[in-house]
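Enquirer: Output the structure for:
(one chain, ligands or ions: 1)
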Amino acid sequence: MTTQKLCVLGLGYIGLPTASTFANHGLEVVGMDTNSEIVSGLQNGKIHIFEPGLRSLVEKALTSGNLTISQAVQPADAFIIAVPTPFYEDKRADMRFVEAAAASIAPHLKRGNLVILESTSPPRTTVDILAPILERSGLKAGSDFYLAYSPERVLPGKILQELIENARVIGGIDSASAEAGRDLYLHFVKGEIILTDATTAEMVKLMENTSRDISIAIANEFCRLTDKFGIDVWEAIQIANRHPRVEILKPGVGVGGHCISVDPWFLVEAAPEKSKLILTARQVNDSQPEFVSQLIEKAACGLQDKKVAFLGLAFKPDVDDLRESPAVELAHLLQAKGALVKAYEPFKPEAHLPGIPHEKDLEKLLFDADLIVLAVGHQQFKALEAQDIAALTSAKIVFDAVNGWDKEEWEAAGFVYKGLGKK
Ligand SMILES: NC(=O)c1ccc[n+]([C@@H]2O[C@H](COP(=O)([O-])OP(=O)(O)OC[C@H]3O[C@@H](n4cnc5c(N)ncnc54)[C@H](O)[C@@H]3O)[C@@H](O)[C@H]2O)c1
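Expert: Next up, the predicted model:
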């Protein structure tokens, strides 16, 4: 199938790089989003998310004229849906964005078109949810239009590179749909393209993220055990990983973001009786901020009215994404224990999180603190020199939740150094 015009629905972390990359590879692309601020911002060259290299990629696509931004779906040969798939408070998948996106495509759908869902979704979404909504057009999935699921597997911070180089899975509702998807992504994908059916492709994505969640959960549980036995988890993991068939991940403040902390719930919801391990891992990772908050409380000999300089709110290092961030959860837990938390997040200096005061100036934040908590391992934080910080702050204790600082260096600078998993 030949695609000349593509409409990408959803211009977030996935949709915007995808639309821009297709445009820079010669396709006529309409990037569509329902959020009017995002649309008018992009139309005026304002890029609302941070991702290395994204600004110049989008600017090139817009300047070339190949990428236009719209708040309405437009007729095209192919449509890619890259809208959010969050969960409700009770952890059930919230598919309203996917449903709305499909409903907005239906009136424009023509014979021979291709629709691809990229949003991470529960098994059978493409067949059971997407196809019936698109068929309101009067056309039949498979015989009149192509329909496929292709999960996005990029790593935030490396999205532009991985979009092109990663292997891509394309699951069609039939083999012609999978092949039509392959023809589209061949415009820029250099990694292997693997064709399968739609439900297998959905399951592959969920299995990838779930297995990672479970691997992090065991690292977090090891961390609780080593704490009990008075040993350093980082040293123990490093030694264990010298075994040729062992690869333990790092413990941390918890698991966050729009993917790994969300996607395993889709499996738990779909088949609770068959996903006990997955549920337990989720519970371990979700309770990790509480475990870390208790360590901090102990390190500070109580938190009542202690001024905490809290470094980092993002869900992982060197990104600006605060969704489901365990660092945010940790900040709230410290507040609940009486601490006066003030945060600094260099990737989102304008962040307004309800209840968490925010400081744009790191020096100001450190000046009047009792305790420094390193909550996210941003490179900028890891590069801080203990001696320089000692000259700036009244704090005497640092708590390193990410193994980002050298204990001896901070102790030599006069601090009491405590950390997650440290002896
Ligand atoms: N961010 C990642 O690193 C990543 C990685 C792999 C997979 N995913 C998956 O990709 C999907 C998108 O994630 P994201 O991080 O890009 O989300 P995002 O929130 O950054 O962007 C989604 C965009 O979709 C827009 N939107 C909502 N409803 C819409 C509609 N009906 N029509 C058009 N636009 C609409 C929103 O306004 C938003 O701008 C999710 O399912 C996510 O799980 C994300």
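Enquirer: confidence score at T3?
Expert: pLDDT for T3: 92.
Enquirer: what number of residues lie near it?
Expert: A count of nearby residues for T3, using other Cβ atoms under 10 Å, gives 18. The way it works is simple: take the backbone N, C-alpha and C, and place the C-beta from them, glycine included.
Enquirer: For I38, see how far away the residue nearest to N66 when sequence neighbours are not counted is.
Expert: The shortest distance from N66 to any non-neighbouring residue, by Cβ to Cβ, 6 or more residues apart in numbering, is to A23 (3.8 Å). Distance, A23 to I38, using Cβ to Cβ, to the nearest Å: 17 Å.
Enquirer: part of a helix, is I296?
Expert: Yes. I296 forms part of a helix when assessed by DSSP: H, G, I helix; E, B strand; the rest coil.
Enquirer: before we move on, back to that, shouldn't the residue nearest to N66 be in contact with E59?
Expert: No. A23 lies out of contact with E59 (Cβ atoms under 8 Å); the separation is 11.2 Å.
Enquirer: what's the nearest residue to G41 if we skip its chain neighbours?
Expert: The nearest residue in space to G41 (Cβ to Cβ, 6+ apart) is H48, at 5.5 Å.
Enquirer: coming back round to it: so which other helices or strands are in contact with the host helix or strand of the residue nearest to N66?
Expert: Element membership of A23, judged by DSSP states H and E, is helix 15-24. Other elements packing on helix 15-24 under the criterion 3 or more Cβ pairs under 8 Å, 6 or more residues apart in numbering; DSSP states H and E are strand 5-9, strand 28-32, helix 54-64, strand 67-70, strand 78-81, helix 159-165.
Enquirer: all strands of the stretch 51-200 of the chain, in order?
Expert: 67-70, 78-81, 114-117, 146-149, 168-172, 193-197 (DSSP state E, counting those that start in this stretch).
Enquirer: which one of those is the most hemmed in?
Expert: Neighbour counts (mean count of other Cβ atoms under 10 Å) averaged over each of the strands of the stretch 51-200 of the chain peak at strand 146-149, with a mean of 30.
Enquirer: Let me know whether it sits next to the ligand.
Expert: No. Using Cβ under 6 Å from any ligand atom, strand 146-149 never reaches the ligand; the gap is at least 11.3 Å.
Enquirer: Who does that strand pair with, and is each partner parallel or antiparallel?
Expert: Sheet neighbours of strand 146-149, with direction, are listed as strand 114-117 (parallel), strand 168-172 (antiparallel) (DSSP bridges).
Enquirer: Can I get it in CSV, CA atoms only?
Expert: Only the C-alpha atoms of strand 146-149 are listed here, as CSV (Å, rounded to 0.1, in the frame of the first residue of the first chain):
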residue,chain,number,x,y,z
TYR,A,146,-6.6,-2.1,6.8
LEU,A,147,-6.3,-2.1,10.6
ALA,A,148,-3.2,-2.8,12.7
TYR,A,149,-1.7,-2.4,16.1
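Enquirer: avg pLDDT for it?
Expert: Computed over strand 146-149, the average pLDDT equals 98.
Enquirer: swap in stretch 53-69?
Expert: For stretch 53-69, the per-residue pLDDT values average out at 97.
Enquirer: Of A23 and E59, which one has the most company?
Expert: Of the pair A23 and E59, A23 is the one with more neighbours under other Cβ under 10 Å, namely 25 against 14.
Enquirer: residues in contact with that one?
Expert: By Cβ atoms under 8 Å, 6 or more residues apart in numbering, A23 lies in contact with 29, 61, 64, 66-67.
Enquirer: From those residues, pick the one nearest the ligand.
Expert: Closest approach to the ligand among the contacts of A23 (Cβ to the nearest ligand atom): V29, at 14.0 Å.
Enquirer: before we move on, could you check phi and psi at the residue of the stretch 51-200 of the chain found nearest the ligand?
Expert: Going by Cβ to the nearest ligand atom, the ligand is nearest to S119 of the stretch 51-200 of the chain, at 3.3 Å. Main-chain torsions, S119, degrees, to the nearest 10: phi -60, psi 140.
Enquirer: Tell me which of the helices and strands packed on helix 15-24 is the most buried.
Expert: With neighbours defined as mean count of other Cβ under 10 Å, the helices and strands packed on helix 15-24 peak in mean count at strand 78-81, which reaches a mean of 27.
Enquirer: how far is that strand from where the chain is centred?
Expert: Counting by Cα atoms, centre = their mean, to the nearest Å, strand 78-81 is centred 21 Å from the centre of its parent chain.
Enquirer: What of stretch 345-365?
Expert: Distance, centroid of stretch 345-365 to centroid of chain: 20 Å (Cα atoms, centre = their mean).
Enquirer: Need the distance between the two termini of it.
Expert: Distance across stretch 345-365, first residue to last, is 11 Å (Cα to Cα, to the nearest Å).
Enquirer: before we move on, what about stretch 235-248?
Expert: The first-to-last residue distance of stretch 235-248 comes to 12 Å (Cα to Cα).
Enquirer: in that stretch, what counts as buried?
Expert: Of all the residues in stretch 235-248, those buried under the rule 16 or more other Cβ atoms under 10 Å are 236-237, 248.
Enquirer: just these now: which is nearest the ligand?
Expert: Closest approach to the ligand among those (Cβ to the nearest ligand atom): I248, at 23.8 Å.
Enquirer: Check which helix or strand the closest one maps to.
Expert: For I248, there is no enclosing helix or strand under DSSP H and E.
Enquirer: Skipping its backbone neighbours, what lies nearest it in space?
Expert: Distances taken as Cβ to Cβ, 6+ apart place I237 nearest to I248, at 4.8 Å, with adjacent residues excluded.
Enquirer: so what's the nearest residue to A176 once chain neighbours are set aside up against?
Expert: Excluding its sequence neighbours, the residue lying closest to A176 (Cβ to Cβ, 6+ apart) is Y146, at 6.4 Å. Shown in contact with Y146 (Cβ under 8 Å, 6+ apart): 1, 112-115, 172, 176-177, 180-181.
Enquirer: just checking, what's the longest helix in the chain?
Expert: helix 198-229 (DSSP state H).
Enquirer: how far off strand 168-172 does that helix point, in degrees?
Expert: For helix 198-229 against strand 168-172, the angle by axes from the mean of the first three to the mean of the last three Cα atoms, to 10 degrees is 130 degrees.
Enquirer: as a whole number, average confidence for helix 198-229?
Expert: When pLDDT is averaged along helix 198-229, the result is 98.
Enquirer: List, one by one, the residues from this structure near the ligand.
Expert: Residues of the chain lying near the ligand (Cβ under 6 Å from any ligand atom): 9-15, 32-35, 38, 82-85, 97, 100-101, 104, 118-120, 152, 154, 156, 258-259.
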